[in-house]
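# One predicted model, sequence on top.
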Amino acid sequence: MKIPIIALFTAAALMLGVTSVLAEGKGKEITITGKGCCAKCCLKETDKCQNAVTVEKDGKKTTYYLVENSVSSAFHKEICKEIKPVKVTGTCEKKDGRLLVTASKIELAK
């Protein structure tokens, strides 16, 4: 009787660990303010238009690439051909060496 109970608790502990790891991989909510532009037209880094935000901190530049969704698509016309200061809120994750932000809100910074 003790062995099935121990096995049950062990399985439950493993499931909790797996769930925690999966939740961590979804990204962390951040707000960034920087220079918004098109990764294709301004930065010449992608094959198709994609919003990007470059943030400079302590002399180091970091570029965040916005995942295409309804929020980023609606805002793209603002920054496709010119660089403008923007403020972006969304979840961030690193994939293939790039920082990807799934934006929930984008606005021109003041």
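Everything's here; your move. Nothing here was measured: the structure is a model prediction, and the numbers come from that model. Numbering: from 1, shown residues only.
# tell me the phi and psi of residue 70?
phi -60, psi -30 (degrees, to the nearest 10).
# Look up how far residue 62 lies from residue 105.
Residue 105 is 20 Å from residue 62, where distance means CB to CB, to the nearest Å. C-beta here means a position set from N, CA and C on the backbone, and glycine is covered the same way.
# hang on, I meant residue 106
17 Å.
# More neighbours: which of those two?
residue 106 (22 against 12; other CB atoms under 10 Å).
# Just the C-alphas of the helix or strand hosting that one, formatted as PDB.
If you go by DSSP states H and E, residue 106 is part of strand 98-108. Extracted as PDB, the C-alpha positions of strand 98-108 are listed here (Å, rounded to 0.1, in the frame of the first residue of the first chain):
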ATOM      1  CA  ARG A  98      16.800  37.100 -31.100                       C
ATOM      2  CA  LEU A  99      14.600  38.900 -28.500                       C
ATOM      3  CA  LEU A 100      11.000  38.600 -29.600                       C
ATOM      4  CA  VAL A 101       8.200  40.700 -28.100                       C
ATOM      5  CA  THR A 102       4.500  39.800 -28.500                       C
ATOM      6  CA  ALA A 103       3.100  43.300 -28.100                       C
ATOM      7  CA  SER A 104      -0.100  43.900 -26.200                       C
ATOM      8  CA  LYS A 105       0.200  47.700 -26.500                       C
ATOM      9  CA  ILE A 106       2.300  50.100 -28.700                       C
ATOM     10  CA  GLU A 107       2.300  53.900 -28.600                       C
ATOM     11  CA  LEU A 108       4.500  56.700 -29.700                       C
END
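# who does that strand pair up with?
Strand 98-108 sits in its sheet next to strand 60-66 (parallel), strand 84-95 (antiparallel), going by DSSP bridges.
# Figure out which of these is closest to residue 77.
strand 84-95 (11.2 Å; CB to CB).
# ok, back up a step: with mean pLDDT and distance to residue 28 added, can I get the strands paired with strand 98-108 in CSV?
Putting the strands paired with strand 98-108 into CSV (pLDDT from 0 to 100; distance: least, CB to CB, whole Å) gives the following:
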stretch, mean pLDDT, distance to residue 28
strand 60-66, 96, 13
strand 84-95, 96, 6
